[in-house]
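**Student:** show me the folded form of this:
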Amino acid sequence: MNAGNGLSLNIGKYQKHLNIRLKELQDQNFVRRLWDKDADLWINQVDKTKTTELAMGWLNVVDKMQENLPAMEEFRDEILNAGFKHVVLLGMGGSSLTPLVFQKVFAKNNQTQGLKLIVLDSTEPAAIKEIEQEIEIAKTLFVVSSKSGTTAEVMAFYSYFFSRVKEIRKKKAGENFIAITDPDTPLVVLAQRKNFRKIFLNFNDIGGRYSALSYFGILPAVLMGINVKELLNRASAMAKACGHQVPASQNPGVILGAAIAQLALQGCDKLTYLMPSSFSTFGLWLEQLIAESTGKNGKGVLPINGYPLIEMNTYGEDRIFFQMEVENEGRNFVSQRINDFIFMDYPVLGIQIKDELDLGQEFFRWEIATITASSILGINPFDQPNVQESKKCTDDLLKAIEKNGELPEMRPSLLEDSLFYYSTYGANDVKSLLEKNFHLIREGDYISIQAYLSEDPAIKKEILELKKILQRKLRVAVTTEFGPRYLHSTGQYYKGGPNTGIFIQFIGSSIPDILIPKRSYTFGVLKNAQAIGDMQALLKQNRRVILIDLGEKVVSGLSSFKERLREMNPIIHNEVKSKEEFNVPTVLLGGENYAEVNLNQATL
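**Tutor:** Predicted coordinates:
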């Protein structure tokens, strides 16, 4: 099915179900009610006692940003004339993912004419040190970006870099800082007290994960010197294509969302996306939007990065594949594999874009798609009830550190190869521990590898190897995440979605570490407290969790764990098709002729 606006659907036997669903949406006047912000589409009568407003200001934000674009460009010119060279965005989750997409997608080939943007959304000390070594502190503009104005990680970043700037610029340190936040937040008060250069007040009727086309996403793009005028024009064109007068059956956002929801209701609830390597960070943005919006009430759609592609017989029937292609880039290995998935009757969604500036339209398309899918699934896409659980557990641990000077002691389940294992199961060795944790795995389950580690190439390579081993042995979907970023995105799905996940968390020692100003603990301790707090929150939701402390030798520790995975013999409770049952050439299933995606091109 060619749905227009670059969208194509190859969903085979599910097409008839989608057609019925689209007719139902049309009969319900869904599109008009969506634009009228009709709460009945998402919130039931019980929830209405708790929620009186929908954060849907993003529907009309493109027009507002177009009106404010000249003022933002004037501010960028002011910053350039003042001699600034870099802009470092201090953010987390909804306030940082869109800028991260812009940083990674547009930074190549000199596509920008402004400041060099660097996004910091990790409490890993190595990430902070790496940024500090790249910039000249006195000539760097720091963007403190937080909707609530209280995000713990963001305020820790601010404290550190403000103290560093103050060492050089003394009383003028505030001139190196701006804030993006909602009206009347504590960050507004702080920015005024510290004489920030400027405060950009966002619109308080927009939730964090729907803020891509608001100040949170657009201002950093302007500071980079991206052609934001054209980016917003394309977003505006998509808004019109998804407008209130466009029937559901012709509406590109509604069709996409209806397809995803209908497939999820048929058991295909793992949205596996395959992006061009230069657009890989767009997948991180999709993760938060879809997982945090839909993952609640025991329901949801789990987004999964599809790399590395491995043998066809390792993919279960719970998969939807989504490919984004760039016009005129030609066929490649991934495109060929997509054809293989279509041949094997997997549902496949595709979007073709013209170039990088089409991201403006894709942000809007996927926002419409996500709220459409949420309505069909009976989920309120604008809240995140389980995100606070990890925050509270982490806050309690940090209070204990302030009081006692260290993290509370935990008793490991097992010590082997200098690695500490923490699990609800006891065992005499790692092989047995793993087999106990995985012995109940069934078709439709998934595994999430959650690394509170540095994102350096050696570590990412080891984690990708772990992903391949687990998928081959257990024949279930495997996600790979870096903390604390995922706490503000897929973390909601992991606790509020279906209880079908097994979670493997990694922590390690941060050497050298960095003390957080005016705190009695370091960034490394904060990072580990976040991991342990999240483990506690998962256990409260009866999730299956293993936490592994790798110590100081992180890479060798991951390698050692990898060998233990290879040795385990789990009992699998799902039926897996053999190569013969697939009835496709062996070359597509692995073996000596199998051309796997190069690890250097793959991203987590």
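
**Student:** now the helices for the stretch 351-500 of the chain?
**Tutor:** For the stretch 351-500 of the chain, the helices defined by DSSP state H, counting those that start in this stretch cover 359-377, 387-404, 430-438, 457-474, 490-496.

**Student:** return the most buried member of the ones you listed.
**Tutor:** helix 490-496 (a mean of 27; mean count of other Cβ atoms under 10 Å). C-beta coordinates here come from the backbone N, C-alpha and C atoms, glycine included.

**Student:** could you dump whichever helix or strand comes after that one to PDB, C-alpha only?
**Tutor:** For helix 490-496, the following helix or strand on the C-terminal side (DSSP states H and E) is strand 501-507. What follows is the C-alpha trace of strand 501-507 in PDB, where atoms were taken according to Å, rounded to 0.1, in the frame of the first residue of the first chain:
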ATOM      1  CA  GLY A 501      11.100  -8.200  29.600                       C
ATOM      2  CA  ILE A 502      14.400  -9.500  31.200                       C
ATOM      3  CA  PHE A 503      16.800  -6.800  32.100                       C
ATOM      4  CA  ILE A 504      20.600  -7.000  32.200                       C
ATOM      5  CA  GLN A 505      22.100  -3.900  33.700                       C
ATOM      6  CA  PHE A 506      25.800  -3.000  33.700                       C
ATOM      7  CA  ILE A 507      27.600  -0.600  36.000                       C
END
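
**Student:** quick one: strands adjacent to strand 501-507?
**Tutor:** The pairing partners recorded for strand 501-507 under DSSP bridges are strand 446-451 (parallel), strand 544-549 (parallel).

**Student:** how far does the strand or helix carrying residue 526 sit from the chain's center?
**Tutor:** Under the assignment given by DSSP H and E, the secondary-structure element containing residue 526 is helix 523-540. With Cα atoms, centre = their mean, to the nearest Å as the basis, the distance from the averaged C-alpha position of helix 523-540 to the chain average is 18 Å.

**Student:** need the strands paired with strand 501-507 in a markdown table (columns: mean neighbour count, mean pLDDT and distance to residue 489).
**Tutor:** Shown next, in a markdown table, are those (neighbours: other Cβ atoms under 10 Å; pLDDT from 0 to 100; distance: least, Cβ to Cβ, whole Å):
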| stretch | mean neighbour count | mean pLDDT | distance to residue 489 |
| --- | --- | --- | --- |
| strand 446-451 | 24 | 96 | 12 |
| strand 544-549 | 23 | 94 | 18 |
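
**Student:** output those as a markdown table; include the columns distance to residue 136.
**Tutor:** Converted to a markdown table, these look like this (distance: least, Cβ to Cβ, whole Å):
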| stretch | distance to residue 136 |
| --- | --- |
| strand 446-451 | 31 |
| strand 544-549 | 37 |
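
**Student:** buried sites along stretch 19-32?
**Tutor:** Using 16 or more other Cβ atoms under 10 Å as the burial criterion, the residues of stretch 19-32 that qualify are 21, 22, 25, 26, 30, 31.

**Student:** so which residues make contact with it?
**Tutor:** 41, 242-249, 251, 254-255, 258, 261-262, 372, 375-376 (Cβ atoms under 8 Å, 6 or more residues apart in numbering).

**Student:** whichever of the residues you listed end up buried, select them in ChimeraX.
**Tutor:** Those of those that count as buried under 16+ other Cβ under 10 Å are selected in ChimeraX with:
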select :41,242,246,248,251,254,255,258,261,262,372,375,376
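
**Student:** restricted to helices, list the contacts of stretch 19-32.
**Tutor:** Those of these mapping onto helices are 254, 255, 258, 261, 262, 372, 375, 376, per DSSP state H.

**Student:** can you tell me which two in these are farthest apart?
**Tutor:** 255 and 375 (13.8 Å; Cβ to Cβ).

**Student:** averaged pLDDT, the longest helix anywhere in the chain. What do you get?
**Tutor:** Using DSSP H to define each element, the chain has its longest helix at helix 61-81. Over the span of helix 61-81, the pLDDT mean works out to 97.

**Student:** mind giving me the packing neighbours of the helix or strand following that helix?
**Tutor:** Counting by DSSP H and E, the next helix or strand C-terminal to helix 61-81 is strand 86-90. Strand 86-90 sits against strand 116-120, strand 140-145, helix 152-169, helix 215-224, with contacts defined as 3 or more Cβ pairs under 8 Å, 6 or more residues apart in numbering; DSSP states H and E.
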